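Asker: Sharing a model prediction with you, sequence too.
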Amino acid sequence: MVLVVAQHWLMPILAVDGGAIDLERANVLESVWPATWVTQVMPLVFFTSGAATVLSLRGGRAVDRSWVSRRLVRLVGGVIVLAAVWLPLPALLLASGLDVEVVSVGGRLIGGLLWFLVVLVILTALTPVLLRVADRLKGAEIGILAVAAIAVDTVRFGLGWEHAGYLNAVFVWAAVYAIGIHGARGRLDWLRGGRAAIVGAVGFLVLGAVVAFGPYPPAMIGLPGTTVSNMNPPSAALLALAVGQIGLTLAARAALTRFANRPRVARMVDICAPHTMAVYLWHTPAVVLIAAAVVGLGFDGHPVGSAGWWLSVPAWVVAAAVALAACVALFGKLGLQGSDAVSLPRVVGGAALVGVGVLVLTVAGFDPARLADVLGPLVGTWALVCGALLLGARPVGARVPRTGRLVG
């Protein structure tokens with residue numbers, strides 16, 4: 001999560017030059033794309049999400065509709081709080097005299113980064129099926145998903161059907177999620193030390209080959225102005241990146257475990273881990289607020305990569321960190337908790353509404369520039385709230401019925 005935040009804070013998307021707003025920052029990737037092979041850690045995020053699913057089953061728990069309901073409610077609670085803040089805020093920023101382009105870009109960015117939760121909602125809803133498939137096929141399903149992802153890319157790049165690529169939001173990340181499931185089941189215990197390092201190296205070599213000889217751009221992220229992106233929509237190249245990152249991580253597992261077991265490190269992890277989702281949800285709003293303040297106060301920017309730009313980076317990161325800490329402190333504890341007493345039809349309907357709601361917010365963002373972009377977040381938030389209610393959501397700290405019928 002530290003790498004995710006650092007990448008989003010340091011990758012310049014919006015530049016201020018003499019008061020003019022420049023949004024086309026694709027040229028930045030021409031020189032920094034090798035760094036994205038390390039900082040683009042979404043493969044590790046989905047890998048650990050799959051592993052965390054299995055770890056949550058310890059103690060005799062079962063993955064059933066109650067488990068799905070509780071997980072979805074936890075995911076959607078923070079998004080509802082985020083939407084409640086950002087529905088009125090763009091209008092207030094515009095009323096204060098802030099440049100409309102800055103507000104629009106900020107609103108789109110805040111919504112756009114919710115794509116991760118769209119995929120996670122889908123995978124969470126499908127987890128009971130994915131677990132049964134993983135236990136039956138013993139990893140063969142990963143190959144099937146990989147072949148499906150390659151087929152989608154063939155259609156996307158071969159026939160020019162760009163929108164077909166969004167099928168890989170499920171195929172690619174479900175494959176990585178499944179690797180995490182097998183890892184937590186102990187089926188990757190043989191992959192350690194030198195073996196894991198070799199697998200990781202092969203993954204990066206394959207990634208280099210498909211970038212050099214295939215249609216894939218070298219950067220593992222996308223920026224405004226890029227014509228082809230490996231992330232939006234996801235490409236099969238991310239599977240090679242996942243193999244590389246997971247292999248090297250498992251090679252370093254023993255050293256990482258010893259480091260994490262140090263008392264001070266363990267305490268820090270215990271303190272920070274519960275706030276991981278809040279950090280993800282609020283790190284973009286925090287930096288948007290800082291950018292709005294910079295532009296509103298009339299500060300000129302520096303050319304990306306110049307000495308002035310590098311000198312401004314520490315101040316930028318500190319200011320964004322302070323804003324993030326304030327956001328997490330104010331809103332991080334607000335959320336929802338689920339219930340065990342939810343029927344299957346309500347879980348299915350609630351999951352569908354939650355997925356649609358997050359998807360609408362991802363596409364529309366919180367951009368007040370057009371009427372459609374004003375209605376989008378309203379519709380998305382309505383779907384989220386209705387879905388959460390169907391899933392039996394209650395405010396954190398409220399008494400939740402564990403058995404019997406739900407009241408209301």
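Answerer: Perfect, thanks for sending it. Numbering: from 1, shown residues only.

Asker: Run through the residues that contact the closest residue to residue 50 other than its chain neighbours.
Answerer: Nearest non-adjacent residue to residue 50, counting by C-beta to C-beta, 6 or more residues apart in numbering: residue 180, 2.6 Å away. Where you see a C-beta, it was placed from the backbone N, CA and C, and this is true even at glycine. Residues in contact with residue 180 (C-beta atoms under 8 Å, 6 or more residues apart in numbering) are 46, 47, 48, 49, 50, 51, 52, 53, 54.

Asker: I figured the last one hits residue 187, correct?
Answerer: If I follow you right, that is residue 54. No - if you go by C-beta atoms under 8 Å, residue 54 and residue 187 don't touch, sitting 10.5 Å apart.

Asker: which one of the two has more residues nearby?
Answerer: Neighbour totals were compared for residue 54 and residue 187, and residue 54 leads with 19 against 15 (other C-beta atoms under 10 Å).

Asker: In three-state terms, label the more buried one for me.
Answerer: Using DSSP: H, G, I helix; E, B strand; the rest coil, the secondary structure recorded for residue 54 is helix.

Asker: Any stretches of the stretch 51-200 of the chain with poor pLDDT?
Answerer: Across the stretch 51-200 of the chain, the ranges flagged by pLDDT under 70 are 59-61.

Asker: Go through the helix ranked longest in the chain and flag the buried ones.
Answerer: Assignment by DSSP state H gives helix 307-331 as the longest helix of the chain. Counting neighbours by 16 or more other C-beta atoms under 10 Å, one finds that the buried residues in helix 307-331 are 316, 317, 319, 320, 321, 323, 324, 327, 328, 331.

Asker: Next: stretch 190-206.
Answerer: In stretch 190-206, counting by 16+ other C-beta under 10 Å, buried: 191, 196, 197, 199, 200, 203, 204, 206.

Asker: Could you pull up the residues touching the nearest residue to the first one once chain neighbours are set aside?
Answerer: Right, the one you point to is residue 191. Closest residue to residue 191 apart from its sequence neighbours, by C-beta to C-beta, 6+ apart: residue 250 at 5.2 Å. Residue 250 makes contact with 183, 188, 191, 192, 196, 199, 200, according to C-beta under 8 Å, 6+ apart.

Asker: Any figure for the gap between the spatially most central residue of the chain and residue 293?
Answerer: Closest to where the C-alpha atoms of the chain average out (C-alpha atoms, centre = their mean) is residue 116, at 3.2 Å. Using C-beta to C-beta, to the nearest Å, residue 116 is found at 26 Å from residue 293.

Asker: What ranges does the stretch 251-400 of the chain have for its helices?
Answerer: Counting by DSSP state H, counting those that start in this stretch, the stretch 251-400 of the chain has helices at residues 253-260, 263-272, 276-296, 307-331, 344-364, 371-390.

Asker: Any chance of those helices in a markdown table with mean pLDDT and distance to residue 63 as columns?
Answerer: Shown next, in a markdown table, are the helices of the stretch 251-400 of the chain (pLDDT from 0 to 100; distance: least, C-beta to C-beta, whole Å):
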| stretch | mean pLDDT | distance to residue 63 |
| --- | --- | --- |
| helix 253-260 | 92 | 25 |
| helix 263-272 | 91 | 25 |
| helix 276-296 | 85 | 20 |
| helix 307-331 | 87 | 30 |
| helix 344-364 | 91 | 12 |
| helix 371-390 | 83 | 19 |
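
Asker: Tell me which of those lies nearest to residue 83.
Answerer: Nearest to residue 83 among the helices of the stretch 251-400 of the chain is helix 371-390; the distance by C-beta to C-beta comes to 4.3 Å.

Asker: can I have that closest one written out in PDB, keeping just the CAs?
Answerer: Only the C-alpha atoms of helix 371-390 are listed here, as PDB (Å, rounded to 0.1, in the frame of the first residue of the first chain):
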ATOM      1  CA  LEU A 371     -24.900  17.000 -15.900                       C
ATOM      2  CA  ALA A 372     -24.300  13.300 -16.600                       C
ATOM      3  CA  ASP A 373     -21.300  13.400 -14.300                       C
ATOM      4  CA  VAL A 374     -23.400  14.900 -11.600                       C
ATOM      5  CA  LEU A 375     -26.100  12.300 -11.800                       C
ATOM      6  CA  GLY A 376     -23.600   9.400 -12.000                       C
ATOM      7  CA  PRO A 377     -22.300   9.600  -8.500                       C
ATOM      8  CA  LEU A 378     -25.800  10.100  -7.200                       C
ATOM      9  CA  VAL A 379     -27.000   6.900  -8.900                       C
ATOM     10  CA  GLY A 380     -23.900   5.100  -7.900                       C
ATOM     11  CA  THR A 381     -24.300   6.100  -4.200                       C
ATOM     12  CA  TRP A 382     -27.900   5.200  -4.300                       C
ATOM     13  CA  ALA A 383     -27.100   1.700  -5.600                       C
ATOM     14  CA  LEU A 384     -24.400   1.300  -2.900                       C
ATOM     15  CA  VAL A 385     -26.700   2.200  -0.100                       C
ATOM     16  CA  CYS A 386     -29.500   0.000  -1.300                       C
ATOM     17  CA  GLY A 387     -27.100  -2.900  -1.800                       C
ATOM     18  CA  ALA A 388     -25.700  -2.500   1.700                       C
ATOM     19  CA  LEU A 389     -29.200  -2.400   3.200                       C
ATOM     20  CA  LEU A 390     -30.000  -5.600   1.400                       C
END
